[in-house]
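# After the sequence you'll find the predicted model.
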Amino acid sequence: MPTTISRRHALRAMGLAASTLVTPSLFARQQQRLTAAEIMGPFYPLQRPLDDDSDLTRVSGQPGRALGQAFDLRGRIIDTQGRPVGGAMVEMWQANRHGRYAHKSDPNLTAPIDPAFQGFGKQASDHEGRFRFLTIIPGPYPVIEDNKRWTRTPHIHFDIRGRHDRLVTQIYFKGQALNDTDLLYQALSAQDRDTVTLDLQPADPGAPAPLFGEWTVVLASG
Ligand SMILES: [Fe+2]
């Protein structure tokens, strides 16, 4: 009997020891959740603006700054193993403060164009997978679809192309009341929403915008 007990103890001890040894490596290999994909939408720019840099709050040759709440978007692209994805091309486009796209098919004609707002930007991620845009929180806009009327909550469209993966998605802003009734946002699971929702925070004095938001983009293999 004592032999059996001690063997059990030994086995249990081995099991514990094994799990203690295994756990950290499991954590190390834990997969990152993929960033949720979304539809492209109808307003990808047909004609790129002459100015397509990473600062959407100014248009070269145009006086003034874009209307709306400016913020600094700090992004990072990784793969599911947490490795940075450098050299990915990041394109983004969005409505202006009034909920209007600089696109000839935008039916929201009562909302004015903001000539100082760029509306589109692109940038390649650096070797650490980082990218950065200075932009504004877009306005909501009406949608009439299949006899249904609803309002799109503020969002920004993205098309991200890595070496192997392409992710088309949209990001949203935590705390926007219209998030609760946006049909596209509500169609995502709660976990998927977390992958595309920015929680804007106050930036340090002297930063390029009073608010910043961090977004980690996870691609399957980069
Ligand atoms: Fe949109």
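Now that the structure is in, tell me what you want to look at.
# And the helices in the protein, which stretches?
Counting by DSSP state H, the chain has helices at residues 2-29, 183-187, 190-195.
# So if we follow the domain assignment, how does this structure break up?
Split into domains by automatic domain parsing, the chain comes to 1-30, 34-219.
# show me where the protein has strands.
When secondary structure is read from DSSP state E, the chain shows strands at 70-79, 89-93, 120-124, 130-136, 141-145, 148-152, 155-161, 166-173, 197-198, 201-202, 211-219.
# I'd like to know which elements the fifth one is packed against.
In other words, strand 141-145. Under the contact criterion of 3 or more Cβ pairs under 8 Å, 6 or more residues apart in numbering; DSSP states H and E, the helices and strands touching strand 141-145 comprise strand 148-152. All C-beta atoms are positioned from the backbone trio N, CA, C, and that covers glycine.
# try 10 Å this time
Using 3 or more Cβ pairs under 10 Å, 6 or more residues apart in numbering; DSSP states H and E as the contact criterion, the neighbours of strand 141-145 among helices and strands are strand 148-152, helix 183-187.
# any idea how far that strand is from the chain center?
Relative to the centre of its chain, strand 141-145 is centred 22 Å away, using Cα atoms, centre = their mean, to the nearest Å.
# quick one, what contacts Ile171?
Contact analysis of Ile171 by Cβ atoms under 10 Å, 6 or more residues apart in numbering lists 35-36, 38, 73, 75, 92, 94, 154-158, 195-198, 213, 215, 217.
# Could you check how far it is from Val217?
Distance of Ile171 to Val217, given as Cβ to Cβ, to the nearest Å: 9 Å.
# Just the buried ones from the contacts of Ile171, in PyMOL syntax?
Of the contacts of Ile171, the buried ones go into a single PyMOL selection, burial set by 16 or more other Cβ atoms under 10 Å:
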select buried, resi 35+36+38+73+75+92+94+154+155+156+157+158+195+196+197+198+213+215+217
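# sorry, back to before: quick one: the strands of the chain as JSON lines, columns for mean pLDDT and distance to Ile113 too.
Conversion of the strands of the chain to JSON lines gives the following (pLDDT from 0 to 100; distance: least, Cβ to Cβ, whole Å):
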{"stretch": "strand 70-79", "mean pLDDT": "98", "distance to Ile113": "18"}
{"stretch": "strand 89-93", "mean pLDDT": "97", "distance to Ile113": "14"}
{"stretch": "strand 120-124", "mean pLDDT": "96", "distance to Ile113": "13"}
{"stretch": "strand 130-136", "mean pLDDT": "98", "distance to Ile113": "14"}
{"stretch": "strand 141-145", "mean pLDDT": "92", "distance to Ile113": "13"}
{"stretch": "strand 148-152", "mean pLDDT": "95", "distance to Ile113": "18"}
{"stretch": "strand 155-161", "mean pLDDT": "98", "distance to Ile113": "18"}
{"stretch": "strand 166-173", "mean pLDDT": "98", "distance to Ile113": "21"}
{"stretch": "strand 197-198", "mean pLDDT": "98", "distance to Ile113": "25"}
{"stretch": "strand 201-202", "mean pLDDT": "98", "distance to Ile113": "30"}
{"stretch": "strand 211-219", "mean pLDDT": "98", "distance to Ile113": "24"}
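# Export those to TSV and append columns for distance to Asp52.
Rendered in TSV, the data for the strands of the chain read as follows (distance: least, Cβ to Cβ, whole Å):
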stretch	distance to Asp52
strand 70-79	15
strand 89-93	9
strand 120-124	5
strand 130-136	11
strand 141-145	22
strand 148-152	23
strand 155-161	13
strand 166-173	18
strand 197-198	22
strand 201-202	27
strand 211-219	20
